[in-house]
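K.L.:
Build me a structure from this.
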Amino acid sequence: MANEFTFSISTTRFDEDYAPSENSRITTNFANLARGEHRQQNLHNALTMIERRFNSLAHWDNPTQDRYGVELEIVSVELEFSTGGEDKEFPLLEVLDIQIVDRVTGARHHGIVGNNFSSYVRDYDFSVLLPATTEAAGKFTLPDEFGVLHGKLFQHFLDSAAYRERFSTSPVICISVSTSKEYQRTANHHPVLGVEYQQSDYSLTDEYFGKMGLQVRYFMPPGSVAPLAFYFRGDLLNDYSNLQLIGTISTMETFQKIYRPEIYNANAAAASTYRPTLDQQNFSSTQIAYDRVERNQLASAQGKYTAEHFITPHQDVLDRWAADYPTPVA
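P.N.:
Down below sits the predicted model:
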């Protein structure tokens, strides 16, 4: 079972000169920002927002609010099957790695890996498998196998030599809260993550990440206007330093302000009982171009690509491997 396939990792610097590679998942949020007439201005503005937000949160011994620099790398993970064939290699997923530079001491701090999360197999699950099952049933229906293979592949990658040789801590994925759920503010408050919110039941995304072995907590950091969803293994509040947590908050809050300004760049902060919505108009634009419609269209195309080049040609191998692999437990 262990020799059915292996993982390899490559990295791409995400800076003002970034351009998506041919193998990059084209719905990756970074790729969306890095296309078009204003690509360099988009990238410059996004990176400037990240660094300013970082310094506003890391305010101690930082009177001029410019002590820290933030460097980002896109981590691309490729899966290679042990048997040959036209589709032997497949670009499985992409996450983001963060380096924090202290301009006063010269020290470099490794941030948290994960942050943004892009996956071809997730595109397949949400854009091909789920719609097909729902259409056949005549109502919204979750397939029995929904997210199972993806979750096992993700956990297998985290336990692989490729991951462990490069990263010493577990990943944290940070994304938007669900517009289908209601969140309640609690009395719990973390000095960096901020005030915690809770919800009565999980969203479909929460359940999907649960199959990847990840728990979820929701925090609204100081100065933020809406909670973020943090998916993690282990102990989110104690496994990472303040600077590491700030790196993830500043990076992913910036991207969410660009992707979902109705929620994360709203002109009023979330109330104690909060229901996120993309329909309200009381928000400010970041003036950074991002095409949400195109992203949704491309997700469907890439789900079909995954079916053709990954699921179908390797169905027997994947089914056999998944049947023997233990189900991740969040």
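K.L.:
So what does Phe14 look like in phi/psi?
P.N.:
Backbone torsions for Phe14, taken as degrees, to the nearest 10, come to phi -100, psi 100.
K.L.:
What residues does it make contact with?
P.N.:
The contact partners of Phe14, by CB atoms under 8 Å, 6 or more residues apart in numbering, come to Phe30, Leu72, Glu73, Ile74, Leu96. Bear in mind the C-beta positions are built from the backbone N, C-alpha and C, glycine included.
K.L.:
out of those residues, who has the most neighbours?
P.N.:
Using other CB atoms under 10 Å as the neighbour criterion, Leu96 leads the contacts of Phe14 with 28 neighbours.
K.L.:
Enumerate the beta-bridge partners assigned to the nearest residue to that one once chain neighbours are set aside.
P.N.:
Using CB to CB, 6 or more residues apart in numbering and skipping the chain neighbours, the partner closest in space to Leu96 is Asn115 (4.1 Å). Legend: beta-bridge partners of Asn115 under DSSP bridges are Ile173.
K.L.:
Verify the contact between Asn115 and Phe230 for me.
P.N.:
No. Between Asn115 and Phe230 there is no contact under CB atoms under 8 Å: 10.2 Å.
K.L.:
Now for the two: what residues contact both?
P.N.:
Taking CB under 8 Å, 6+ apart as the contact rule, Asn115 and Phe230 both touch Val172, Ile173, Cys174, Thr248.
K.L.:
now those residues as a markdown table including neighbour count?
P.N.:
Shown next, in a markdown table, are these (neighbours: other CB atoms under 10 Å):
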| residue | neighbour count |
| --- | --- |
| Val172 | 25 |
| Ile173 | 22 |
| Cys174 | 24 |
| Thr248 | 27 |
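K.L.:
Just flag the most distant two among those residues.
P.N.:
Distance extremes for the shared contacts of Asn115 and Phe230: the farthest pair is Ile173 and Thr248 at 9.2 Å, using CB to CB.
K.L.:
Between these two, which contacts overlap?
P.N.:
Between them, Ile173 and Thr248 share these contacting residues under CB under 8 Å, 6+ apart: Gly114, Asn115, Phe230.
K.L.:
among the residues you listed, who's most crowded?
P.N.:
Of all these, Gly114 has the most neighbours under the rule other CB under 10 Å, reaching 26 neighbours.
K.L.:
ok, the spatially closest residue to it that is not a sequence neighbour - how many residues close by?
P.N.:
Using CB to CB, 6+ apart and skipping residues adjacent in sequence, the residue nearest Gly114 is Pro171, 3.0 Å away. By the criterion of other CB under 10 Å, Pro171 has 24 neighbours.
K.L.:
which residues does Pro171 contact?
P.N.:
Counting by CB under 8 Å, 6+ apart, Pro171 touches Val95, Ile112, Val113, Gly114, Leu158, Phe232, Arg233.
K.L.:
closest to Thr186 among these?
P.N.:
For the contacts of Pro171, the closest approach to Thr186 (CB to CB) belongs to Phe232, at 17.8 Å.
K.L.:
Run a quick neighbour tally on the closest one.
P.N.:
Residues within reach of Phe232, counting by other CB under 10 Å, total 24.
K.L.:
wait, it sits on Met212?
P.N.:
No. Counting by CB under 8 Å, Phe232 stays clear of Met212, with 10.7 Å between them.
K.L.:
Can you check which residues contact both of those two?
P.N.:
Contacts common to Phe232 and Met212, judged by CB under 8 Å, 6+ apart, are absent.
K.L.:
Leaving out sequence neighbours, find the closest residue to Gln99.
P.N.:
Using CB to CB, 6+ apart and skipping residues adjacent in sequence, the residue nearest Gln99 is Glu71, 4.2 Å away.
K.L.:
For that neighbour, pull up the helix or strand it's in.
P.N.:
Glu71 belongs to strand 68-81 when assigned by DSSP states H and E.
K.L.:
Show me where this protein dips below the pLDDT cut-off.
P.N.:
Within the chain, the ranges that satisfy pLDDT under 70 run 1-2, 21-38, 84-85, 289-297, 327-330.
K.L.:
In it, what residue spans correspond to strands?
P.N.:
Ranges of strands within the chain are 5-14, 68-81, 89-102, 108-110, 114-119, 172-176, 183-190, 194-198, 215-220, 228-232, 273-274, based on DSSP state E.
K.L.:
Using TSV, please lay out those together with distance to Met252.
P.N.:
Output for the strands of the chain, formatted as TSV (distance: least, CB to CB, whole Å):
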stretch	distance to Met252
strand 5-14	13
strand 68-81	11
strand 89-102	8
strand 108-110	17
strand 114-119	5
strand 172-176	4
strand 183-190	16
strand 194-198	14
strand 215-220	12
strand 228-232	7
strand 273-274	18
